[in-house]
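>>> quick one: sequence plus predicted model below, questions after.
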Amino acid sequence: MFILDRYILKNHLPPYLFSLTIITFVFVMDFIIRYLDMFIDKGVGFFVVLEFFVLSLGHMFALIIPMSVMPATLMAFGQFASENEVTAMKATGVSLYRMIAPVIVASLFLGAGLVYYQNNILPESNHRLKGLMIDIGKMKPTLEIKENIFSTAIEGYTILVREKDDRTGRIKDVQIFRTKKGMVPTTIVADSGRMSFIESENVLRFELEDGEIHEMPDPADISTYRKTLFSNFTINIRDTDRRLERSQHSHRGDREMGAGMMREKVAGLEGEIAGYSRDMHISAEKEMIGTLSRVMAFDAFKVTDREAAKHPASRVDRRTRQSEKNPAEQQMYALETIMRRIIGLEDQISRFNVEIHKKYSIPFSCLIFVLLGAPLAIRSGKKGMTMSIAFSILFFLVYYVFLITGEKLADRRLIVPWLAMWLPNIVLFAAAMLLLWSTVRESQTINWDRFNFLKRWRQKGTAGIL
């Protein structure tokens, strides 16, 4: 039997690696499309881009690893079925449960490894990636000045160059608009000049020739406008460093923590909620006692309008009671503030619990996809292989939609976190068990012709002609 187990697992490895490669390629293409413009605009170096890409693979593999399981299972068992190896194994007394047992064990090991990955490697990768994204976001854009395009890459300057020689740095028909807050922009125009970047001083230098400077120091007084002609004029724009400055980031979000760290955070947040609840109850008790005291005082000193006329002091007491509304309103505002803080903390707890359950529900899907893929491939055989792959994509889309929708609902506390993250596993596990049970009983196989609408339409047309 161990020979059979090795044979089954050996036939699963190449399809799994193939699926892993194809799906990774799709994710990488999405990565390139999403971030290419950012790298170009910021002038990020090759090794920084490479580091960003490697760190991005962290959260990609969290989905790619389980996604590759079902196509690999479909391809392996589909080949067994098409070459009648499944029939041969059944003839020797090997049940379907025994056939998929080694793959189930392998999926459990893969899921366990993915749990470790989700809790130890992925959080650190996400943390470093987030820090790198923040540092890249702080970089100044590249100072490449393009012909006939207004450049606003340098804060406080708008630059337009009609002609530019990249080899010599010569420029022609130059317009530079220098702006300051609350001031009229200073306009500098020149027929020609030279542009150079001095890296040692982080300075972009314009050496202009034959031009004019238009400025108005006092925006409120048009008489301060002046025009200056020059034959040679040099502008040094400083603080144009394009280098990436790396910094340390201590704050971690929910996706930058392992399950243990998040449980500690949840415990701390629950302690805060308990403290706020105690404060709220104490404040509410004081407010109730104060309200009761004011009501009793009002009943004790209640007088009629006739008595009030006889006793002016009662009017003073009435005004005093009226002024006491202000502290009561302040107390209610304090209670509302505490409630808002408690709601905010509960929202954080819900998000942390969602991430905790996600770190275990996604690895468990490796087992689900094996239980779905094996009977589906055996029932369809070679004829339904293409349709089986289509169904594998459909099943994963269903799983992913359930997962994302559940996460959104749980973050809004419309559904409990554990159910939101485990519901796709529960639904697909039930479907897998039903499919596996019917396959073992060798009930009616899937009639793929039922889904071939083109063939059915042709047969219907032929029958109408006859």
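It's in.
>>> which residue ranges of the stretch 201-350 of the chain form strands?
Taking DSSP state E, counting those that start in this stretch as the criterion, the stretch 201-350 of the chain contains strands spanning 203-215, 226-237.
>>> can I get those in CSV with mean pLDDT and distance to Thr152?
Glycine gets a C-beta too; all of them are placed from N, C-alpha and C. Formatted as CSV, those follow (pLDDT from 0 to 100; distance: least, C-beta to C-beta, whole Å):
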stretch, mean pLDDT, distance to Thr152
strand 203-215, 90, 14
strand 226-237, 90, 13
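>>> show the contacting residues for Ser95.
With contacts defined as C-beta atoms under 8 Å, 6 or more residues apart in numbering, the neighbours of Ser95 are Val440.
>>> could we number from 10 for the rest of this?
All right, first residue 10 from here; so that's Ser104.
>>> any idea how far Ile387 is from it?
In this structure, Ser104 lies at 12 Å from Ile387, with C-beta to C-beta, to the nearest Å as the measure.
>>> go on, Ile231?
From Ile231 over to Ile387 the distance is 87 Å, taken as C-beta to C-beta.
>>> these two: who's more crowded?
When Ile231 and Ile387 are compared on other C-beta atoms under 10 Å, the one with more neighbours turns out to be Ile387, at 26 against 9.
>>> pretty sure that one is touching Thr448, no?
Yes: with the criterion set as C-beta atoms under 8 Å, Ile387 and Thr448 qualify as a contacting pair; they are 5.9 Å apart.
>>> about what we covered before: dump the strands of the stretch 210-359 of the chain to JSON lines, plus distance to Ile282.
Rendered in JSON lines, the data for those read as follows (distance: least, C-beta to C-beta, whole Å):
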{"stretch": "strand 212-224", "distance to Ile282": "54"}
{"stretch": "strand 235-246", "distance to Ile282": "53"}
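>>> how about these, which one is nearest Lys190?
Comparison of the strands of the stretch 210-359 of the chain against Lys190 by C-beta to C-beta identifies strand 212-224 as nearest, at 15.4 Å.
>>> what packs against the closest one?
For strand 212-224, the contact count by 3 or more C-beta pairs under 8 Å, 6 or more residues apart in numbering; DSSP states H and E identifies strand 179-187, strand 195-207, strand 235-246 as packing neighbours.
>>> and the last one, C-alpha only, in PDB?
What follows is strand 235-246 as a C-alpha-only set of coordinates in PDB (Å, rounded to 0.1, in the frame of the first residue of the first chain):
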ATOM      1  CA  ARG A 235       8.200  94.700 -11.600                       C
ATOM      2  CA  LYS A 236       9.800  93.300 -14.700                       C
ATOM      3  CA  THR A 237      13.500  92.400 -14.800                       C
ATOM      4  CA  LEU A 238      15.500  91.600 -17.900                       C
ATOM      5  CA  PHE A 239      18.500  89.400 -17.800                       C
ATOM      6  CA  SER A 240      21.100  87.900 -20.100                       C
ATOM      7  CA  ASN A 241      22.200  85.200 -17.600                       C
ATOM      8  CA  PHE A 242      20.300  84.000 -14.600                       C
ATOM      9  CA  THR A 243      20.900  80.900 -12.400                       C
ATOM     10  CA  ILE A 244      18.200  79.200 -10.300                       C
ATOM     11  CA  ASN A 245      19.200  76.500  -7.700                       C
ATOM     12  CA  ILE A 246      16.300  74.400  -6.600                       C
END
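>>> and it, how far out from the chain's middle?
Taking C-alpha atoms, centre = their mean, to the nearest Å, one finds strand 235-246 lying 49 Å from the centre of the chain it belongs to.
>>> can you pull the buried residues of that strand?
By neighbour count with 16 or more other C-beta atoms under 10 Å, strand 235-246 contains the buried residues 242, 244, 246.
>>> then the first one?
By neighbour count, and taking 16+ other C-beta under 10 Å as the criterion, the buried residues in strand 179-187 are 180, 182-183, 185-187.
>>> so what touches that strand?
Here strand 179-187 makes contact (C-beta under 8 Å, 6+ apart) with 154, 165-174, 194-204, 215, 217, 220, 244.
>>> would you reformat the helices and strands packed on strand 212-224 as CSV and include distance to Arg43?
Below are those laid out as CSV (distance: least, C-beta to C-beta, whole Å):
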stretch, distance to Arg43
strand 179-187, 33
strand 195-207, 29
strand 235-246, 32
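>>> of all these, which one is nearest Phe405?
Across the helices and strands packed on strand 212-224, the minimum distance to Phe405, taken as C-beta to C-beta, is reached by strand 195-207, at 49.5 Å.
>>> which helices and strands does that closest one pack with?
Under the contact criterion of 3+ C-beta pairs under 8 Å, 6+ apart, the helices and strands touching strand 195-207 comprise strand 179-187, strand 212-224, strand 235-246.
>>> swap the cut-off to 7 Å and go again
Here strand 195-207 touches strand 179-187, strand 212-224, going by 3 or more C-beta pairs under 7 Å, 6 or more residues apart in numbering; DSSP states H and E.
>>> what is the orientation angle of the last one with strand 179-187?
Right, strand 212-224. Orientation of strand 212-224 against strand 179-187 (axes from the mean of the first three to the mean of the last three C-alpha atoms, to 10 degrees) gives an angle of 60 degrees.
>>> in strand 212-224, what counts as buried?
By neighbour count on 16+ other C-beta under 10 Å, the buried set for strand 212-224 is 212-218, 220, 222, 224.
>>> what is the nearest of these to Leu131?
Using C-beta to C-beta, Leu213 is the member of the buried residues of strand 212-224 that sits closest to Leu131, with 41.2 Å.
>>> which member of the buried residues of strand 235-246 is positioned nearest Val112?
Distances from the buried residues of strand 235-246 to Val112 were compared by C-beta to C-beta; the smallest belongs to Ile246, at 63.9 Å.
>>> now do the shared contacts for Ser104 and Ile387.
Counting by C-beta atoms under 7 Å, 6 or more residues apart in numbering, Ser104 and Ile387 have no contacts in common.
>>> contacting residues around the most centrally placed residue in the chain?
Residue closest to the average C-alpha location in the chain (C-alpha atoms, centre = their mean): Arg264, at 9.3 Å. With C-beta under 7 Å, 6+ apart as the criterion, the residues that contact Arg264 are 135, 364.
>>> what of Ser65?
Listed by C-beta under 7 Å, 6+ apart, the contact partners of Ser65 are 40, 138.
>>> and the helix or strand hosting Val95, what's buried?
In this assignment (DSSP states H and E), Val95 forms part of helix 94-100. Residues of helix 94-100 classed as buried under the neighbour-count rule (16+ other C-beta under 10 Å) are 94-95, 98.
>>> avg pLDDT for it?
Per-residue pLDDT values across helix 94-100 average out to 85.
>>> hmm, who's touching it?
With C-beta under 7 Å, 6+ apart, helix 94-100 has contacts from 89, 108, 387.
>>> who's Leu238 bridged to?
Beta bridges link Leu238 to Glu221, judged by DSSP bridges.
>>> for it, give its distance to Asp219.
Distance, Leu238 to Asp219, using C-beta to C-beta: 9 Å.
>>> same thing with Ser65?
Distance check for Ser65 against Asp219: by C-beta to C-beta, it reads 50 Å.
>>> can you check Thr167 too?
Taken as C-beta to C-beta, the spacing of Thr167 relative to Asp219 amounts to 21 Å.
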